[in-house]
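# Just a sequence and a predicted model for now, questions to come.
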Amino acid sequence: MEQEIHLKKAEDMYAYSCTHGFGKGLTRAWGINSFRLVEQAMDEDEFAFLTFIGLHRFHSMSAHQRNFAYAVTNKHIIMAKMRLFSRSRIEIIPLNAILNLSFDNNDSIGIVKIHLPNDAICVGMSQESIDALSKRFTQLLPVIQQYAQQLPPIEN
């Protein structure tokens, strides 16, 4: 088994996503600035071990919230988007709130769906990116489950 990655800096999270074919975003500056929001949202003892970029809350090519940076950490999935002229966006989901992950690949775009108790977040990506990401998620599933089990129960 390979050594676990511990990413804490925005530049490293962006480089990881690009190097592994998990998305590059609009520009390098946008990617680093969006991952900087992720970096700032992490707890002191938190680190990312998987990062990617995709179209947030994807419904169709014309209905989505544009590119977001995503980080799977030892505690959360953190989703962030740097905006130039309006407020930046960030969403944080505890790992133990995730019910399931699913992947779909059609003719034009791939989708990863994060299933939650009362919601599902769909992320649109290129077919190549979704293929690479689904393989990586499959490899990391035991790690994600182990981290999720270490978290305190979610209060309803």
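Arrived safely.
# Not counting stretch 135-153 itself, show me its contacts.
Residues external to stretch 135-153 that are found in contact with it (C-beta atoms under 8 Å, 6 or more residues apart in numbering): 4, 20, 22, 49-50, 72, 74-75, 94-96, 98, 101, 103, 112. For the C-beta atoms, the positions are set from N, CA and C on the backbone; glycine is no exception.
# how about the helices in the protein?
Secondary structure of the chain (DSSP state H): helices at 10-19, 28-41, 127-149.
# will you turn these into a markdown table that also has distance to Ile90, mean pLDDT and mean neighbour count?
Below are those laid out as a markdown table (distance: least, C-beta to C-beta, whole Å; pLDDT from 0 to 100; neighbours: other C-beta atoms under 10 Å):
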| stretch | distance to Ile90 | mean pLDDT | mean neighbour count |
| --- | --- | --- | --- |
| helix 10-19 | 13 | 97 | 20 |
| helix 28-41 | 6 | 94 | 20 |
| helix 127-149 | 20 | 92 | 15 |
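# And the furthest pair within the contacts of stretch 135-153?
Farthest-apart pair in the contacts of stretch 135-153 is His20 and Asn96; separation 25.3 Å (C-beta to C-beta).
# re earlier: now render the helices of the chain as a markdown table, adding distance to Asn67.
Below are the helices of the chain laid out as a markdown table (distance: least, C-beta to C-beta, whole Å):
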| stretch | distance to Asn67 |
| --- | --- |
| helix 10-19 | 11 |
| helix 28-41 | 7 |
| helix 127-149 | 12 |
